[in-house]
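*Asks:* got a sequence here, can you build the structure:
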Amino acid sequence: MARPAQARRGALKVEVTCHTRRPIRAVGLASWLSRVAPASVRGEVSVALVSDARVKALNRAYRGLDYATDVLSFPAADVGPNPGVSADLRRAMPTPLAPGSYEGGQCWAPFLGDIVIAVGVAARQAAAFGHAFGTELRVLALHGLLHLIGYDHEQDQGEMAMLEARLRGRGGLRTGLIERARATGSARKGRRS
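*Replies:* Numbers count the residues shown, from 1 in each chain. The predicted structure is shown next:
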């Protein structure tokens, strides 16, 4: 496994790890997500790039849906034993810390949760929407982050869509997942429920 990419520019620390047989380079994803995240967000986030088969298993275990979706979010508050997560992936995930926890005399940021992206689905969506694979990773990571911090486009009155649109503008993305789903009428995305 390649060394995780990290970004600490803003108040959000992002770690990107790859758990596929063939290493995936997500150049700049960690720093980009840290830069475009809402200014009020403080803490750490893990972005795991995994196989479609792994996402399908997680989607089945946590949402009862037997297909590989593009992105799943696992808020730290809900993180338990995670029986559907492989031991390899679990070891790669940072240990959640309570907000303001002290370790070794330093204050650590709270762990907000994990964003899990299916790289095969992401590659197919990038091709279908005519943009680079790296752009699709950004679309999915941003969407996952918003779920981690409590937004739910299926339950709210458009707040997540408005915030996603604003942050997409900041990050240079033309379209976002919610906008695409509305345009195509596709199924529910992302959040583990």
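*Asks:* for the spatially most central residue of the chain, which three-state class applies?
*Replies:* The centroid of the chain falls nearest to Ile115 when counting by CA atoms, centre = their mean (2.9 Å). Recorded secondary structure, Ile115: strand (DSSP: H, G, I helix; E, B strand; the rest coil).
*Asks:* mind listing the residues bridging to it?
*Replies:* For Ile115, the beta-bridge partners under DSSP bridges are Val47, Ser73.
*Asks:* so where's the chain shaky on pLDDT?
*Replies:* Low-confidence segments of the chain, defined by pLDDT under 70: 1-10, 77-109, 185-193.
*Asks:* tell me where this structure has strands.
*Replies:* 5-7, 12-18, 43-50, 71-75, 102-103, 106-107, 111-118, 190-191 (DSSP state E).
*Asks:* and Glu159, how far from Leu33?
*Replies:* Applying CB to CB, to the nearest Å, the value for Glu159 to Leu33 is 20 Å. Yep, even glycine has a C-beta here, placed from its N, CA and C like the rest.
*Asks:* again but with Arg63, I slipped
*Replies:* Look at Arg63 and Leu33: by CB to CB, they are 23 Å apart.
*Asks:* neighbour count: these two, which is higher?
*Replies:* Neighbours were counted for Arg63 and for Leu33 using other CB atoms under 10 Å; Leu33 has more, 26 against 16.
*Asks:* these two touch, right, that one and Ser46?
*Replies:* No. With contacts defined as CB atoms under 8 Å, Leu33 does not count as touching Ser46, sitting 11.1 Å away.
*Asks:* in JSON lines, list the strands of the chain along with distance to Val27.
*Replies:* Below are those laid out as JSON lines (distance: least, CB to CB, whole Å):
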{"stretch": "strand 5-7", "distance to Val27": "8"}
{"stretch": "strand 12-18", "distance to Val27": "10"}
{"stretch": "strand 43-50", "distance to Val27": "12"}
{"stretch": "strand 71-75", "distance to Val27": "19"}
{"stretch": "strand 102-103", "distance to Val27": "30"}
{"stretch": "strand 106-107", "distance to Val27": "29"}
{"stretch": "strand 111-118", "distance to Val27": "15"}
{"stretch": "strand 190-191", "distance to Val27": "24"}
